[in-house]
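Colleague: Turn this into a structure:
(chains A and B)
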2 protein chains.
Amino acid sequence: MSELSITRLTTSDADFDQKLNALLAWESVSDKSVNKIVDDILLDVKNRGDEAVVEYTNRFDNTSVESVAQLMLTQARLQQALDGLPTEQRNALEKAAERIRRYHDKQRGESWSYTEDDGTMLGQQVTPLDRVGLYVPGGKAAYPSSVLMNAIPAKVAGVGELIMVVPTPNGELNELVLAAACLAGVDKVFTIGGAQAVAALAYGTQSVPKVDKIVGPGNIFVATAKRAVFGAVGIDMIAGPSEILVVCDGKTDPDWIAMDLFSQAEHDEDAQSILVCPNAEYLDAVEASISKLLPTMERQAIIEVSMRERAALIHVVDMDEAAEVSNRIAPEHLELSVEDPKAMLPKIRHAGAIFMGRYTAEALGDYCAGPNHVLPTSGTARFSSPLGVYDFQKRSSLIMFSEDGASETGKIASVLARGESLTAHARSAEYRIKD
Amino acid sequence: MSELSITRLTTSDADFDQKLNALLAWESVSDKSVNKIVDDILLDVKNRGDEAVVEYTNRFDNTSVESVAQLMLTQARLQQALDGLPTEQRNALEKAAERIRRYHDKQRGESWSYTEDDGTMLGQQVTPLDRVGLYVPGGKAAYPSSVLMNAIPAKVAGVGELIMVVPTPNGELNELVLAAACLAGVDKVFTIGGAQAVAALAYGTQSVPKVDKIVGPGNIFVATAKRAVFGAVGIDMIAGPSEILVVCDGKTDPDWIAMDLFSQAEHDEDAQSILVCPNAEYLDAVEASISKLLPTMERQAIIEVSMRERAALIHVVDMDEAAEVSNRIAPEHLELSVEDPKAMLPKIRHAGAIFMGRYTAEALGDYCAGPNHVLPTSGTARFSSPLGVYDFQKRSSLIMFSEDGASETGKIASVLARGESLTAHARSAEYRIKD
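Modeller: As a prediction, this is how the structure comes out:
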């Protein structure tokens, strides 16, 4: 058995609040040297376009190309990747894509309008973004599931053109990633990465079309670059470390729960796995399962650091208090491993995704349940949502006054505008008032 | 007649694209000294709470209070402001609030779910934010319409507690602003402002409750503070200067169009008013109206600078090209002052709000049409939307697998997880696979 001491907290402790805060504390490091490097790359690509992209790619990815044309993959190449997969993988990828598409179809926003008695029409027009850039990390962190989760909602939204960038350090291509891009309907692929790829998408170059929004995960250089170009283009959220909160009534097989916690911990050393239960003996049982299973894990080293540094087993008085602790944490992933999760649901106010019942392992959501695996981290579920079709659509208000409507409503606008001393506003409205 | 030369562009010019880009160029100034001041205030309020809030408020707003309790307004005080309004203003404010509420009611997102054949349930739970902070500028830039536009969507969303902050330099209170807060259902008001107010809302103090999101306009210190606390709390967009694009077929009274352009220009010197028309004589006529009307405007000085520095009259070949120019600009406000605006609508891809027909003055939308007047500026309508009820709700994915569903879907997850070398994920799913 491995020696692994996991933080144990009890809500009845006087200093529980402080201890929980310390456990949850996470500050993303803003590194000045990274900012400087990224700013220089962004400016250079903005000014020199393709030429700069080629130089940075050759330097950082150890390639030796002469033009961006050599950094483009054809649709035939993507299809080849899909066709080349072992049947089992291809089937799994296709089924996952199908489930993800079916779920996201329900998220599509529709235009609406209504007409008032005097003929005035008000409404909202919903339209897809013209063009979106999808960043996909290269090398070992390349996840085909991430391609599906980012690309499918964009295509469901009706995005006109979806451009994927993926670095290929030392020319290394991930066939599963290309196959996923093929399945998801990605329109163009450039094998570029880092801040130079973000810059190319944000500003456009001779070869890379300028996009309206950039989504997808990346390392600190990519995240810093996305933050910097925000405003010129839209971006998705900047994610913190991944986290899971398991709320258990103490009746799920402790091995299952230990493995669910591991599935979060294996992502990286900063990932956070927390178990909340009103039964102290059950917490002991899960801890024993953890010690038993840890030596059997391929990613034992990562799991061990994550569990030691950031995990916790929290003892609560009852399930109501468990819900309170969960709301306070506002977890990215919440597993309700309880007998009647539907009864508990109304008490849950904040969570990125809620995995209900003993059979709903969080890992199913990462790949193929259907809902998105890009979720708000670090407590931001208090005010934000999973990535969805709505992130690839935007709304325009529609206002069409009839002659009568403009006359009547113009009187209200006139009074309010004059109350704000904005008389051009008032006079503009007053022109449309009938005598 | 006033001498006012307005930029004239023609799409047939060889350098039209460059000239248009130069006209639209807008870089918000990121000021290092402002950043430093704001960072210091944020940290101080985070550490010392009420004490720091009182000190900064006394210093910046020239007050002399001893506690935050003295900086709170009661509901009775808000009601008193509403009751004290002249009847005409009160009626106008009430009608505006009613129209805004009716429109935003249509935006409320609803939870949904569906059940698959094997009993697996998938869905999305939509919930309101717990607590929201609303920043309202003090002094001359205090706009009651802005209180309605920010507060009503939050209350329609079901936000539990809406906390307004408004600075009162030299103790000066704006009765219309307080009346609007009363009508909109604001729950608490603190008469504090600046970065110290943003810090109090973001971190919470002994007296000011911590919120989940901060919305509302403010000066450079407020905008910088909002940007800095983003992540700890949600924020709305950081707005650039306000803009209007009027697309006209040349048949609207030129005085009307001139005044519509003024209604944007009077906001501030950086505001941008652009008219697009296929008829060069009509552009001359509007320019003549501008010269004729300018001397009659209360805010002539501001309008003159804005029109000289940032306005343009753009001649296009036809209405299709007008739509293209509009899509390229992706304006905050788009006025389609044409005979059949509905026919033109399908060609419009990007705009914050679309004002359709000759009677629909943009000013109506600022106050009482119903849709929100907080809109994406500086071309961000390409990827973002008006402020709405959806900004005060968030979504949680719901996943509840049946025993059969977990077994079947677990097989897919297992294959994909092993393809990504995430074996804890795979094993967590495999525990739920039946033999």
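Colleague: so A:K155 makes contact with A:M149?
Modeller: No - judged on CB atoms under 8 Å, A:K155 makes no contact with A:M149 at a distance of 11.9 Å. Where C-beta positions appear, they are placed from N, C-alpha and C, glycine not excepted.
Colleague: Which residue of those two possesses the greater neighbour count?
Modeller: Taking neighbours as other CB atoms under 10 Å in any protein chain shown, A:K155 and A:M149 compare with A:M149 leading, 27 against 19.
Colleague: So the more buried one: helix, strand or coil?
Modeller: On the three-state scheme (DSSP: H, G, I helix; E, B strand; the rest coil), A:M149 is labelled helix.
Colleague: do the same with A:I214
Modeller: Assignment for A:I214 (three-state DSSP): strand.
Colleague: near chain B, which residues of the stretch 151-300 of chain A?
Modeller: Applying CB under 8 Å from any CB of the partner chain, one finds that the stretch 151-300 of chain A approaches chain B through A:176, A:212-213, A:231, A:233-234, A:238, A:253, A:255-256, A:259-260, A:262-263, A:265-267, A:297-299.
Colleague: Now, of those, which are buried?
Modeller: A:176, A:212-213, A:231, A:233-234, A:238, A:255-256, A:259-260, A:262-263, A:265-267, A:297, A:299 (16 or more other CB atoms under 10 Å in any protein chain shown).
Colleague: Point to the residue nearest the middle of chain A.
Modeller: Closest to where the C-alpha atoms of chain A average out (CA atoms, centre = their mean) is A:V374, at 2.8 Å.
Colleague: surely that one meets A:A151?
Modeller: No - judged on CB under 8 Å, A:V374 makes no contact with A:A151 at a distance of 11.4 Å.
Colleague: which residues are common contacts for the two?
Modeller: Here A:V374 and A:A151 have no joint contacts, going by CB atoms under 8 Å, 6 or more residues apart in numbering or on different chains.
Colleague: circling back to that earlier point, select from the residues of the stretch 151-300 of chain A next to chain B every entry located in strands.
Modeller: If you go by DSSP state E, these have A:213, A:234 in strands.
Colleague: Now intersect the residues of the stretch 151-300 of chain A next to chain B with the helices, please.
Modeller: Those of those mapping onto helices are A:176, A:255-256, A:259-260, A:262-263, A:265, per DSSP state H.
Colleague: neighbouring contacts of the helix or strand hosting A:S414?
Modeller: Assigned by DSSP states H and E, A:S414 belongs to helix A:403-419. Here helix A:403-419 makes contact (CB under 8 Å, 6+ apart) with A:116, A:118-120, A:401, A:423, A:425-426, A:429-430, A:432-434, B:88-89, B:91-93, B:95-96, B:99, B:144-145, B:176, B:359-361, B:363-364, B:366-369.
Colleague: Buried ones only from those, please, as a PyMOL command.
Modeller: Those of the contacts of helix A:403-419 that count as buried under 16+ other CB under 10 Å are selected in PyMOL with:
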select buried, (chain A and resi 116+120+401+423+425+426+429+430+432) or (chain B and resi 89+92+93+95+96+99+144+145+176+359+360+361+363+364+366+367+368+369)
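Colleague: now the helix or strand of chain A with the lowest mean pLDDT: how far from the chain's centre is it?
Modeller: Sorted by mean pLDDT, DSSP states H and E, the helices and strands of chain A end with helix A:220-229, the least confident at a mean of 92. Distance of helix A:220-229 from its chain centroid, counting by CA atoms, centre = their mean, to the nearest Å, is 15 Å.
Colleague: Stretch A:44-58 now?
Modeller: Its chain's average C-alpha position is 28 Å from that of stretch A:44-58, according to CA atoms, centre = their mean.
Colleague: Extract the CA atoms of it and return them as PDB.
Modeller: C-alpha atoms of stretch A:44-58 as PDB (Å, rounded to 0.1, in the frame of the first residue of the first chain):
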ATOM      1  CA  ASP A  44       5.400  40.700 -35.300                       C
ATOM      2  CA  VAL A  45       2.700  38.400 -36.900                       C
ATOM      3  CA  LYS A  46       0.400  41.400 -37.100                       C
ATOM      4  CA  ASN A  47       3.000  43.400 -39.100                       C
ATOM      5  CA  ARG A  48       4.700  40.700 -41.100                       C
ATOM      6  CA  GLY A  49       2.000  38.000 -41.500                       C
ATOM      7  CA  ASP A  50       2.900  34.700 -43.100                       C
ATOM      8  CA  GLU A  51       6.700  35.500 -43.000                       C
ATOM      9  CA  ALA A  52       6.600  35.800 -39.200                       C
ATOM     10  CA  VAL A  53       4.400  32.700 -38.800                       C
ATOM     11  CA  VAL A  54       6.800  30.600 -40.800                       C
ATOM     12  CA  GLU A  55       9.800  31.800 -38.800                       C
ATOM     13  CA  TYR A  56       8.200  31.200 -35.400                       C
ATOM     14  CA  THR A  57       6.900  27.800 -36.500                       C
ATOM     15  CA  ASN A  58      10.300  26.700 -37.700                       C
END
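Colleague: which residues sit against that stretch?
Modeller: Contacts of stretch A:44-58 (CB under 8 Å, 6+ apart): A:41, A:63-68, A:71, A:167, A:191-197, A:199-200, A:203-208.
Colleague: Okay, and which of these map to helices?
Modeller: A:41, A:194-197, A:199-200, A:203.
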